[in-house]
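# quick one: sequence and predicted model below, then my questions.
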Amino acid sequence: MCVKYIVLFIFISAEVAYSIYPYFDTQDFIYNVPKVYRISITLDKLLEHYEKKPSKDPEWYIALGMARGQLEYTINELDKSVPGKLKENLQNITRRMDRIRNNTDYSSFIYRSKDYEYVVKAILENLDVLSSIMEPISIGTMGTQKPYRFAFEQYVQEARTKMPTRKAADACTMQLLISAMETQTTKTEGSCELTPECSTQILKGSGLAFQQTSRVRAAGLAYLFDCMEGLDLAAHIYKLCIQVYKETKSLEAWDHPPGTKTLFMQQILYCASQGYGEFIKPRWMNRILAWQEPKGCYSDDRQPFLKLTGFIGPASAPTPKEREEEYRVKKAATSEGGACNSLTSAMALGSLVIYIRALLETDQAFQYDVLS
Ligand SMILES: *[C@@H]1O[C@H](CO)[C@@H](O)[C@H](O)[C@H]1NC(C)=O
Ligand SMILES: *[C@@H]1O[C@H](CO)[C@@H](O)[C@H](O)[C@H]1NC(C)=O
């Protein structure tokens with residue numbers, strides 16, 4: 001009898017202690033360690049695939065560089081209660097990332113347009129800086145966003161009415177980066193400024209699907225490079241991510257229609273990177289892990305979705321030149337061996353690494369399970 005009481009007492013006091021001290025060595029934190037193990041196995045396999053079969057898609061290398069920065073930060077900040085083996089796993093992943101980067105043949109990259117080529121080169125040149133800037137991740141600001149009440153088909157129709165197209169987004173991002181690079185290299189006064197069209201594209205109106213994530217990306221770059229002085233870009237990104245959150249939940253509610261996996265992971269990557277912890281959900285992590293192809297990469301049949309939502313080209317017949325370009329881009333994004341898609345893989349890489357960081361970061365690590 002007596003023993004039972006003691007056991008019960010210890011159990012209760014332990015529970016109380018956990019809820020008072022949300023420290024690293026709580027039960028809840030320990031609970032995250034196996035999740036991170038699972039992610040690290042998935043990432044290792046994904047990276048192994050692209051180490052053997054290098055991608056020609058620059059987005060893969062941008063995601064790789066950004067993920068490398070997140071992971072290095074995470075490893076440096078690891079709490080001492082994190083098992084040594086897990087730390088070694090993560091370090092091995094960074095080594096693999098470095099090997100891939102070292103062996104990159106930049107001359108093999110395939111660009112969808114001149115504007116896009118400029119954007120990629122400017123981002124890659126600044127990758128070390130861009131990947132070292134971490135927004136703190138926190139939860140409790142996104143509110144309870146409900147999925148859309150309408151059906152997926154209606155969402156696709158609605159997206160068609162939104163701006164910008166990929167072409168317009170590339171043009172604006174290029175303009176933004178040219179202005180940012182100019183203010184960095186010239187000593188003259190003057191800040192990074194956007195043309196009226198470009199700032200309208202980022203700030204005004206509403207967006208959906210890739211139209212919306214492209215605005216988040218451009219706004220994020222504008223924020224990092226100090227463009228659009230006098231405007232509260234952080235507040236604008238916050239508003240965009242609330243809208244995106246509603247969409248991410250809707251894609252889940254519609255059970256991830258074909259072509260939408262890339263978008264789903266991109267939404268998570270972009271908004272979690274901006275610090276919104278609501279995008280960190282163990283059940284979403286499980287989805288992403290489950291989507292990995294047996295050969296290690298990720299695939300998504302996103303071309304039809306891109307067209308239906310109006311993000312790329314009108315549905316009218318493409319010119320031979322456009323068709324050739326499309327074929328080359330498609331070939332670049334689809335690595336050898338069939339269905340692998342390097343943009344999808346890039347978004348999986350980026351979103352999974354931010355999950356690792358979030359799950360191992362001290363004060364919130366235990367809260368993600370309860371988020372709806
Ligand atoms: C990390 O890589 C080293 C060298 O390849 C290997 O010996 C070690 O077992 C790896 N560690 C883990 C935890 O996988
Ligand atoms: C990458 O290349 C640099 C310079 O050539 C070298 O010092 C480094 O060890 C290489 N890293 C890996 C992981 O291969």
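Looks like it arrived, so ask away. Ligands and ions are numbered 1, 2, ... in the order given.
# flag every residue of the stretch 101-250 of the chain that's near ligand 2.
When proximity is defined as CB under 6 Å from any ligand atom, the stretch 101-250 of the chain approaches ligand 2 at residue 102. The way it works is simple: take the backbone N, C-alpha and C, and place the C-beta from them, glycine included.
# at 8 Å what do you get?
Within the stretch 101-250 of the chain, the positions adjacent to ligand 2 are 101-103 by CB under 8 Å from any ligand atom.
# let's see stretch 306-315 as PDB, backbone CA atoms only.
What follows is stretch 306-315, C-alpha atoms only, in PDB (Å, rounded to 0.1, in the frame of the first residue of the first chain):
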ATOM      1  CA  LEU A 306       0.400  25.000 -62.600                       C
ATOM      2  CA  LYS A 307      -1.500  25.500 -65.900                       C
ATOM      3  CA  LEU A 308      -5.000  25.000 -64.400                       C
ATOM      4  CA  THR A 309      -4.300  27.600 -61.700                       C
ATOM      5  CA  GLY A 310      -3.000  30.100 -64.300                       C
ATOM      6  CA  PHE A 311       0.400  30.400 -62.800                       C
ATOM      7  CA  ILE A 312       2.100  29.400 -66.000                       C
ATOM      8  CA  GLY A 313       1.100  30.100 -69.600                       C
ATOM      9  CA  PRO A 314      -2.400  30.300 -71.000                       C
ATOM     10  CA  ALA A 315      -3.900  27.000 -72.000                       C
END
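# tell me which element the most centrally placed residue in the chain falls in.
Relative to the mean C-alpha position of the chain, the nearest C-alpha, by CA atoms, centre = their mean, is the one of residue 269, at 1.9 Å. Using DSSP states H and E, the element containing residue 269 is helix 261-273.
# report the contact partners of the closest residue to ligand 2 within the stretch 151-300 of the chain.
Closest approach between the stretch 151-300 of the chain and ligand 2, counting by CB to the nearest ligand atom: residue 296, at 19.3 Å. Contact analysis of residue 296 by CB atoms under 8 Å, 6 or more residues apart in numbering lists 45-46, 48-49.
# stretch 249-269 spans what distance, first to last residue?
Here the two ends of stretch 249-269 are set 14 Å apart, with distance taken as CA to CA, to the nearest Å.
# what does stretch 289-299 give?
End-to-end distance for stretch 289-299, by CA to CA: 12 Å.
# what are the buried residues along it?
289, 291-293, 295-299 (16 or more other CB atoms under 10 Å).
# just read off the phi/psi values of residue 148.
phi -60, psi 150 (degrees, to the nearest 10).
# SS state for the nearest residue to residue 132 once chain neighbours are set aside?
The shortest distance from residue 132 to any non-neighbouring residue, by CB to CB, 6 or more residues apart in numbering, is to residue 69 (5.3 Å). Here residue 69 is recorded as helix under DSSP: H, G, I helix; E, B strand; the rest coil.
# distance of residue 69 from residue 127?
As judged by CB to CB, to the nearest Å, residue 69 and residue 127 stand 8 Å apart.
# got it, and residue 217?
Going from residue 217 to residue 127 by CB to CB gives 15 Å.
# who's in contact with the closest residue to residue 309 other than its chain neighbours?
Of all residues not flanking residue 309 in the chain, residue 159 sits nearest, at 3.9 Å (CB to CB, 6+ apart). The contact partners of residue 159, by CB under 8 Å, 6+ apart, come to 208-209, 211, 309-311.
# please read off the pLDDT at residue 159 from the model.
pLDDT, the model's per-residue confidence, is 96 for residue 159.
# secondary structure element holding it?
Using DSSP H and E, residue 159 falls in helix 152-160.
# pull out the buried positions in that helix.
Buried-residue list, helix 152-160, by 16+ other CB under 10 Å: 152, 155-156, 159.
# for the stretch 101-250 of the chain, give the residue positioned nearest to ligand 2.
Nearest to ligand 2, among the residues of the stretch 101-250 of the chain, is residue 102, at 3.7 Å (CB to the nearest ligand atom).
# longest helix in this protein, by residue count?
In the chain, taking DSSP state H as the definition, the longest helix is helix 27-52.
# pLDDT score for residue 14?
Residue 14 is given a pLDDT of 38.
# for residue 251, the count of nearby residues, please.
Using other CB atoms under 10 Å, residue 251 has 20 neighbouring residues.
# so it sits right up against residue 265, yeah?
No. Counting by CB atoms under 8 Å, residue 251 does not reach residue 265; the two are 10.1 Å apart.
# excluding chain neighbours, what is closest to residue 242?
residue 142 (5.8 Å).
# correct me if wrong: that neighbour contacts residue 243.
No. Counting by CB under 8 Å, residue 142 does not reach residue 243; the two are 10.3 Å apart.
# roughly how far apart are the residue of the stretch 151-300 of the chain found nearest ligand 1 and residue 47?
Closest contact between the stretch 151-300 of the chain and ligand 1, by CB to the nearest ligand atom, is at residue 296 (16.1 Å). Using CB to CB, residue 296 is found at 8 Å from residue 47.
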